[in-house]
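*Asks:* compute the structure for the input listed below.
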Amino acid sequence: FVCKQFGEIIKARYSTRGGTLYIEIRTTARNPYELEKAVEEILNILGK
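*Replies:* Model (predicted):
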């Protein structure tokens, strides 16, 4: 997953506990705005 405009996801890992999925995602976003956009993009992909 690469979104040139908002930075790149460099690492993603997940774990499950009691039916809940925890996802940790590291990006190259340089500021809160870019990070917010990256989060929107991720949620959009997960929602499909």
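*Asks:* hang on, residue 16 in a strand?
*Replies:* Yes - counting by DSSP: H, G, I helix; E, B strand; the rest coil, residue 16 falls inside a strand.
*Asks:* quick one: contacts for it?
*Replies:* residue 22 (Cβ atoms under 8 Å, 6 or more residues apart in numbering). The C-beta positions use only the backbone N, C-alpha and C, and glycine is treated the same way.
*Asks:* what strand or helix carries the nearest residue to residue 25 once chain neighbours are set aside?
*Replies:* Spatial nearest neighbour of residue 25, excluding adjacent residues (Cβ to Cβ, 6 or more residues apart in numbering): residue 12 at 4.9 Å. Under the criterion of DSSP states H and E, residue 12 resides in strand 7-17.
*Asks:* can you give me the pLDDT of the residue of the chain positioned farthest from its centre?
*Replies:* Distance to the chain centre peaks in the chain at residue 18, reaching 21.9 Å (criterion: Cα atoms, centre = their mean). What the model reports as pLDDT for residue 18 is 89.
*Asks:* what's the answer for residue 38, then?
*Replies:* 81.
*Asks:* from what I see, it and residue 30 are in contact.
*Replies:* No - contact criterion Cβ atoms under 8 Å: residue 38 and residue 30 do not qualify, at 10.8 Å.
*Asks:* more crowded one of the two?
*Replies:* residue 38 (21 against 10; other Cβ atoms under 10 Å).
*Asks:* just say helix, strand or coil for the more buried one.
*Replies:* helix.
*Asks:* which non-adjacent residue is nearest residue 13?
*Replies:* residue 24 (5.3 Å).
*Asks:* from residue 29, how far off is residue 15?
*Replies:* The gap separating residue 15 from residue 29 is 23 Å, by Cβ to Cβ, to the nearest Å.
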